[in-house]
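1. This is a predicted model, with the sequence first.
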Amino acid sequence: MKDLGYGIMFGFVLSRAGATDIDAILNMFLFTDLHLAGVMAIGIITAGLGIALVRHYRIYFPDVPALVPKKFRPGLITGSLLFGVGWGMTGSCPGTTLSQIGEGRLMGLATLLGMLIGTFIFLFWGGRFEAWLIGMRRVPNSTHQNRAD
Amino acid sequence: MDFLIAHRWPFWLGGLALGVVIIGYWVQAGRQLGVSSSFVDVCSLLMLRGRRWTWRIRFIVGIVVGGFLAGIDQSPDGISWSVGQLDTWMELTPLAQAGWMFAGGIFIGLGSRLADGCTSGHSMMGVAMLSPASMVATGCFMGAGVAVVQFLRFWCVGA
(Lines give C-alpha, C1' and ligand atoms only; values in the text may rest on other atoms or scores of the structure.)
Protein backbone atom coordinates (compact mmCIF):
# COMPACT_ATOMS: atom_id res chain seq x y z
CA MET A 1 0.00 0.00 0.00
CA LYS A 2 2.98 2.25 0.40
CA ASP A 3 3.30 2.31 -3.35
CA LEU A 4 -0.24 3.55 -3.70
CA GLY A 5 0.34 6.16 -1.00
CA TYR A 6 3.52 7.47 -2.53
CA GLY A 7 1.92 7.43 -5.93
CA ILE A 8 -0.85 9.60 -4.56
CA MET A 9 1.64 12.01 -3.07
CA PHE A 10 3.63 12.10 -6.28
CA GLY A 11 0.57 12.76 -8.42
CA PHE A 12 -0.68 15.37 -5.99
CA VAL A 13 2.61 17.23 -5.96
CA LEU A 14 2.96 17.06 -9.74
CA SER A 15 -0.42 18.72 -10.00
CA ARG A 16 0.17 21.37 -7.36
CA ALA A 17 3.57 22.16 -8.78
CA GLY A 18 1.95 22.94 -12.11
CA ALA A 19 3.59 20.12 -14.01
CA THR A 20 0.28 18.88 -15.35
CA ASP A 21 -0.31 22.07 -17.26
CA ILE A 22 0.57 21.49 -20.90
CA ASP A 23 1.12 25.20 -21.46
CA ALA A 24 3.65 25.31 -18.63
CA ILE A 25 5.77 22.71 -20.37
CA LEU A 26 5.39 24.31 -23.76
CA ASN A 27 6.33 27.68 -22.31
CA MET A 28 9.34 26.17 -20.68
CA PHE A 29 10.52 24.96 -24.08
CA LEU A 30 9.80 28.39 -25.49
CA PHE A 31 11.77 29.89 -22.62
CA THR A 32 8.91 32.20 -21.79
CA ASP A 33 8.11 30.59 -18.45
CA LEU A 34 10.80 28.73 -16.58
CA HIS A 35 8.62 27.81 -13.60
CA LEU A 36 8.82 24.07 -14.26
CA ALA A 37 12.53 24.26 -14.92
CA GLY A 38 12.76 25.70 -11.43
CA VAL A 39 10.58 22.95 -10.04
CA MET A 40 12.75 20.30 -11.63
CA ALA A 41 15.96 21.97 -10.52
CA ILE A 42 14.86 22.30 -6.92
CA GLY A 43 13.47 18.79 -7.00
CA ILE A 44 16.74 17.39 -8.27
CA ILE A 45 18.76 19.36 -5.74
CA THR A 46 16.51 18.28 -2.89
CA ALA A 47 16.60 14.66 -3.93
CA GLY A 48 20.33 14.85 -4.53
CA LEU A 49 20.94 16.23 -1.07
CA GLY A 50 18.70 13.57 0.39
CA ILE A 51 20.60 10.87 -1.42
CA ALA A 52 23.95 12.22 -0.27
CA LEU A 53 22.75 12.47 3.32
CA VAL A 54 21.30 8.98 3.39
CA ARG A 55 24.44 7.54 1.86
CA HIS A 56 26.64 9.42 4.27
CA TYR A 57 24.68 8.23 7.26
CA ARG A 58 23.96 4.83 5.80
CA ILE A 59 24.50 3.24 9.20
CA TYR A 60 21.20 4.67 10.29
CA PHE A 61 19.46 3.46 7.16
CA PRO A 62 20.32 -0.22 7.01
CA ASP A 63 17.31 -1.31 5.01
CA VAL A 64 17.48 1.29 2.31
CA PRO A 65 18.53 -0.39 -0.94
CA ALA A 66 21.35 0.89 -3.08
CA LEU A 67 20.26 3.00 -6.01
CA VAL A 68 20.93 1.54 -9.42
CA PRO A 69 22.30 4.10 -11.86
CA LYS A 70 21.14 3.80 -15.43
CA LYS A 71 23.70 2.53 -17.84
CA PHE A 72 24.74 3.74 -21.24
CA ARG A 73 22.74 1.51 -23.53
CA PRO A 74 22.72 1.54 -27.32
CA GLY A 75 19.22 2.98 -27.37
CA LEU A 76 19.87 5.74 -24.87
CA ILE A 77 20.44 8.69 -27.16
CA THR A 78 17.96 7.65 -29.83
CA GLY A 79 15.38 6.90 -27.20
CA SER A 80 15.96 10.15 -25.38
CA LEU A 81 15.60 12.15 -28.56
CA LEU A 82 12.41 10.31 -29.46
CA PHE A 83 11.12 10.90 -25.96
CA GLY A 84 11.92 14.56 -26.28
CA VAL A 85 9.95 14.76 -29.51
CA GLY A 86 6.94 13.28 -27.79
CA TRP A 87 7.43 15.53 -24.79
CA GLY A 88 7.44 18.55 -27.05
CA MET A 89 4.47 17.33 -29.07
CA THR A 90 2.29 16.65 -26.10
CA GLY A 91 3.61 18.93 -23.40
CA SER A 92 3.39 15.92 -21.13
CA CYS A 93 5.47 13.09 -19.79
CA PRO A 94 4.45 9.72 -18.29
CA GLY A 95 4.04 10.96 -14.73
CA THR A 96 2.26 14.18 -15.55
CA THR A 97 -0.08 12.47 -18.00
CA LEU A 98 -1.31 10.16 -15.27
CA SER A 99 -1.83 13.06 -12.92
CA GLN A 100 -3.62 14.99 -15.67
CA ILE A 101 -6.07 12.16 -16.11
CA GLY A 102 -6.82 12.18 -12.41
CA GLU A 103 -7.37 15.92 -12.52
CA GLY A 104 -9.86 15.57 -15.32
CA ARG A 105 -7.73 16.66 -18.24
CA LEU A 106 -8.89 13.79 -20.32
CA MET A 107 -6.79 14.44 -23.39
CA GLY A 108 -4.21 12.68 -21.27
CA LEU A 109 -6.04 9.46 -22.06
CA ALA A 110 -5.02 9.78 -25.69
CA THR A 111 -1.44 10.43 -24.63
CA LEU A 112 -1.53 7.49 -22.25
CA LEU A 113 -2.82 5.19 -24.93
CA GLY A 114 0.02 6.29 -27.18
CA MET A 115 2.55 5.69 -24.42
CA LEU A 116 1.24 2.19 -23.87
CA ILE A 117 1.33 1.44 -27.58
CA GLY A 118 4.84 2.86 -27.77
CA THR A 119 5.88 0.63 -24.88
CA PHE A 120 4.30 -2.32 -26.59
CA ILE A 121 6.13 -1.54 -29.82
CA PHE A 122 9.39 -1.55 -27.91
CA LEU A 123 8.63 -4.83 -26.21
CA PHE A 124 7.74 -6.45 -29.47
CA TRP A 125 10.50 -4.96 -31.54
CA GLY A 126 13.05 -5.49 -28.81
CA GLY A 127 12.98 -9.15 -29.74
CA ARG A 128 12.09 -10.11 -26.23
CA PHE A 129 8.48 -10.74 -27.00
CA GLU A 130 8.82 -14.37 -26.04
CA ALA A 131 10.40 -13.59 -22.71
CA TRP A 132 7.67 -11.12 -22.02
CA LEU A 133 4.94 -13.52 -23.06
CA ILE A 134 6.26 -16.03 -20.58
CA GLY A 135 5.96 -13.32 -17.97
CA MET A 136 9.50 -13.53 -16.77
CA ARG A 137 10.06 -12.06 -13.36
CA ARG A 138 13.54 -10.92 -14.29
CA VAL A 139 13.71 -9.01 -17.56
CA PRO A 140 16.90 -9.79 -19.47
CA ASN A 141 19.45 -7.05 -19.97
CA SER A 142 19.01 -7.00 -23.71
CA THR A 143 15.72 -5.21 -23.35
CA HIS A 144 17.68 -2.43 -21.70
CA GLN A 145 15.53 -2.73 -18.62
CA ASN A 146 17.40 -1.63 -15.57
CA ARG A 147 15.03 -3.42 -13.25
CA ALA A 148 15.68 -6.20 -10.83
CA ASP A 149 12.07 -7.01 -10.10
CA MET B 1 -8.36 33.15 -21.40
CA ASP B 2 -7.39 29.59 -20.98
CA PHE B 3 -7.67 27.66 -17.78
CA LEU B 4 -5.75 29.19 -14.96
CA ILE B 5 -4.20 26.95 -12.42
CA ALA B 6 -5.60 27.75 -9.03
CA HIS B 7 -3.43 27.14 -6.01
CA ARG B 8 -0.25 26.52 -7.95
CA TRP B 9 2.63 26.34 -5.53
CA PRO B 10 5.71 28.51 -5.96
CA PHE B 11 8.40 26.65 -7.86
CA TRP B 12 10.63 26.14 -4.85
CA LEU B 13 7.83 24.51 -2.88
CA GLY B 14 6.83 22.29 -5.76
CA GLY B 15 10.43 21.25 -6.23
CA LEU B 16 10.99 20.70 -2.54
CA ALA B 17 7.86 18.60 -2.19
CA LEU B 18 8.81 16.57 -5.24
CA GLY B 19 12.27 15.91 -3.85
CA VAL B 20 10.89 14.94 -0.47
CA VAL B 21 8.41 12.50 -1.98
CA ILE B 22 11.12 10.94 -4.12
CA ILE B 23 13.47 10.48 -1.17
CA GLY B 24 10.67 9.31 1.05
CA TYR B 25 9.71 6.69 -1.47
CA TRP B 26 13.28 5.45 -1.53
CA VAL B 27 14.05 5.55 2.16
CA GLN B 28 10.70 4.42 3.48
CA ALA B 29 9.57 2.03 0.77
CA GLY B 30 12.85 1.12 -0.87
CA ARG B 31 11.72 2.13 -4.36
CA GLN B 32 13.73 3.93 -6.99
CA LEU B 33 11.52 6.39 -8.84
CA GLY B 34 10.54 5.51 -12.38
CA VAL B 35 7.25 5.89 -14.22
CA SER B 36 7.82 4.72 -17.77
CA SER B 37 8.86 1.27 -16.58
CA SER B 38 5.38 0.83 -15.15
CA PHE B 39 3.95 0.73 -18.63
CA VAL B 40 5.71 -2.57 -19.21
CA ASP B 41 3.76 -3.94 -16.28
CA VAL B 42 0.55 -2.47 -17.69
CA CYS B 43 1.18 -4.08 -21.06
CA SER B 44 1.79 -7.37 -19.33
CA LEU B 45 -1.36 -6.97 -17.29
CA LEU B 46 -3.50 -6.05 -20.29
CA MET B 47 -2.23 -9.05 -22.18
CA LEU B 48 -2.92 -11.19 -19.14
CA ARG B 49 0.66 -12.33 -18.98
CA GLY B 50 3.00 -12.81 -16.07
CA ARG B 51 2.84 -9.59 -14.11
CA ARG B 52 -0.37 -8.74 -12.38
CA TRP B 53 -1.00 -6.12 -9.76
CA THR B 54 2.64 -5.15 -9.33
CA TRP B 55 3.97 -2.38 -7.15
CA ARG B 56 4.60 -0.20 -10.20
CA ILE B 57 0.98 -0.49 -11.21
CA ARG B 58 -0.12 0.45 -7.71
CA PHE B 59 2.21 3.42 -7.92
CA ILE B 60 0.81 4.77 -11.16
CA VAL B 61 -2.76 4.21 -10.02
CA GLY B 62 -1.74 6.34 -7.06
CA ILE B 63 -0.54 9.07 -9.39
CA VAL B 64 -3.97 9.25 -10.99
CA VAL B 65 -5.63 9.39 -7.57
CA GLY B 66 -3.20 12.07 -6.47
CA GLY B 67 -4.07 14.15 -9.49
CA PHE B 68 -7.71 13.71 -8.69
CA LEU B 69 -7.27 14.87 -5.11
CA ALA B 70 -5.22 17.85 -6.19
CA GLY B 71 -7.77 18.77 -8.81
CA ILE B 72 -10.76 18.86 -6.51
CA ASP B 73 -10.58 22.54 -5.68
CA GLN B 74 -8.57 23.60 -8.67
CA SER B 75 -9.40 24.98 -12.08
CA PRO B 76 -10.41 23.65 -14.47
CA ASP B 77 -13.57 22.46 -12.83
CA GLY B 78 -14.45 18.93 -13.72
CA ILE B 79 -13.43 17.55 -17.05
CA SER B 80 -11.35 19.41 -19.59
CA TRP B 81 -10.27 18.38 -23.06
CA SER B 82 -7.88 21.27 -23.42
CA VAL B 83 -4.41 20.90 -24.85
CA GLY B 84 -3.36 24.44 -24.07
CA GLN B 85 -1.55 26.44 -26.71
CA LEU B 86 -1.40 23.47 -29.05
CA ASP B 87 -5.00 24.23 -29.82
CA THR B 88 -4.25 27.83 -30.70
CA TRP B 89 -1.28 26.86 -32.81
CA MET B 90 -2.63 23.94 -34.74
CA GLU B 91 -6.38 24.56 -34.75
CA LEU B 92 -7.28 20.93 -34.97
CA THR B 93 -10.58 19.31 -34.26
CA PRO B 94 -10.76 17.55 -30.90
CA LEU B 95 -10.44 14.21 -32.61
CA ALA B 96 -7.36 15.33 -34.50
CA GLN B 97 -5.93 16.72 -31.27
CA ALA B 98 -6.43 13.35 -29.67
CA GLY B 99 -4.68 11.78 -32.62
CA TRP B 100 -1.78 14.20 -32.19
CA MET B 101 -1.49 13.46 -28.48
CA PHE B 102 -1.69 9.77 -29.24
CA ALA B 103 1.13 10.08 -31.77
CA GLY B 104 3.21 12.06 -29.30
CA GLY B 105 2.50 9.42 -26.73
CA ILE B 106 3.97 6.78 -28.99
CA PHE B 107 7.20 8.76 -29.18
CA ILE B 108 7.20 9.01 -25.40
CA GLY B 109 6.46 5.35 -24.83
CA LEU B 110 8.93 4.02 -27.35
CA GLY B 111 11.59 6.59 -26.52
CA SER B 112 11.41 6.07 -22.80
CA ARG B 113 11.84 2.32 -23.12
CA LEU B 114 14.77 2.69 -25.50
CA ALA B 115 16.33 5.17 -23.11
CA ASP B 116 15.31 3.03 -20.14
CA GLY B 117 13.69 5.93 -18.35
CA CYS B 118 11.70 9.14 -18.57
CA THR B 119 11.81 12.52 -16.89
CA SER B 120 11.11 10.86 -13.55
CA GLY B 121 13.61 8.05 -13.73
CA HIS B 122 16.33 9.91 -15.59
CA SER B 123 15.85 13.62 -15.07
CA MET B 124 14.79 13.54 -11.45
CA MET B 125 16.14 10.36 -9.92
CA GLY B 126 19.04 9.80 -12.28
CA VAL B 127 20.41 13.33 -12.21
CA ALA B 128 19.97 13.49 -8.44
CA MET B 129 22.12 10.37 -8.33
CA LEU B 130 24.65 12.13 -10.56
CA SER B 131 24.37 9.31 -13.04
CA PRO B 132 26.10 10.29 -16.30
CA ALA B 133 23.73 8.32 -18.51
CA SER B 134 20.79 10.10 -16.96
CA MET B 135 22.36 13.46 -17.53
CA VAL B 136 22.92 12.64 -21.17
CA ALA B 137 19.36 11.40 -21.46
CA THR B 138 17.99 14.52 -19.84
CA GLY B 139 20.03 16.69 -22.16
CA CYS B 140 18.57 14.87 -25.14
CA PHE B 141 15.04 15.07 -23.70
CA MET B 142 15.35 18.81 -23.34
CA GLY B 143 17.11 19.37 -26.63
CA ALA B 144 14.55 17.50 -28.62
CA GLY B 145 11.69 19.03 -26.66
CA VAL B 146 12.90 22.56 -27.24
CA ALA B 147 13.52 21.91 -30.91
CA VAL B 148 10.10 20.42 -31.49
CA VAL B 149 8.16 23.09 -29.65
CA GLN B 150 10.09 25.97 -31.18
CA PHE B 151 9.66 24.48 -34.64
CA LEU B 152 6.00 23.70 -34.09
CA ARG B 153 5.23 27.19 -32.96
CA PHE B 154 7.19 28.70 -35.80
CA TRP B 155 5.49 26.47 -38.31
CA CYS B 156 2.01 27.20 -37.03
CA VAL B 157 2.21 30.77 -35.88
CA GLY B 158 5.27 32.16 -37.61
CA ALA B 159 8.10 34.14 -36.07
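-> That came through, no problem.
2. ok, the residue lying closest to B:Ala115 once chain neighbours are set aside to A:Tyr57 distance?
-> Nearest residue to B:Ala115, sequence neighbours excluded (C-beta to C-beta, 6 or more residues apart in numbering or on different chains): A:Gly79, at 3.2 Å. Every residue, glycine included, has its C-beta placed from N, CA and C. Taking C-beta to C-beta, to the nearest Å as the measure, A:Gly79 and A:Tyr57 are separated by 35 Å.
3. of these two, who's got more company?
-> Neighbour tally, A:Gly79 and A:Tyr57, criterion other C-beta atoms under 10 Å in any protein chain shown: the higher count belongs to A:Gly79, 28 against 9.
4. do the helix ranked longest in chain A and chain B meet?
-> Scanning chain A for the helix with the most residues, using DSSP state H, yields helix A:35-56. Yes: judged by C-beta under 8 Å from any C-beta of the partner chain, helix A:35-56 and chain B are in contact via A:35-36, A:38-51, A:54.
5. Just the buried ones from those residues?
-> Buried members of these, counted by 16 or more other C-beta atoms under 10 Å in any protein chain shown: A:35-36, A:38-40, A:42-48, A:50-51, A:54.
6. Show me the shaky parts of the chain.
-> Chain wasn't specified; assuming chain A. Low-confidence segments of chain A, defined by pLDDT under 70, span residues A:126-149.
7. You answered for a different chain; I wanted chain B.
-> When the per-residue scores of chain B are filtered using pLDDT under 70, the ranges that remain are B:1-6, B:50-51, B:75-76, B:159.
8. swap the cut-off to 50 and go again
-> Under the criterion of pLDDT under 50, the regions of chain B flagged as low confidence span B:1-5.
9. mind listing the helices for it?
-> With DSSP H, the ranges of helices along chain B come out as B:11-29, B:38-46, B:55-71, B:85-90, B:94-115, B:127-128, B:132-157.
10. Between helix A:35-56 and the longest one, find me the angle.
-> In other words, helix B:132-157. Angular relation of helix B:132-157 and helix A:35-56 on a 0 to 180 degree scale: 170 degrees, by axes from the mean of the first three to the mean of the last three C-alpha atoms, to 10 degrees.
11. B:Gly109 contacts B:Phe39, doesn't it?
-> Yes: between B:Gly109 and B:Phe39 there is a contact under C-beta atoms under 8 Å: 6.3 Å.
12. Quickly list what's touching both of the two.
-> When contacts are counted by C-beta atoms under 8 Å, 6 or more residues apart in numbering or on different chains, B:Gly109 and B:Phe39 have A:Met115, A:Leu116, A:Thr119 as shared neighbours.
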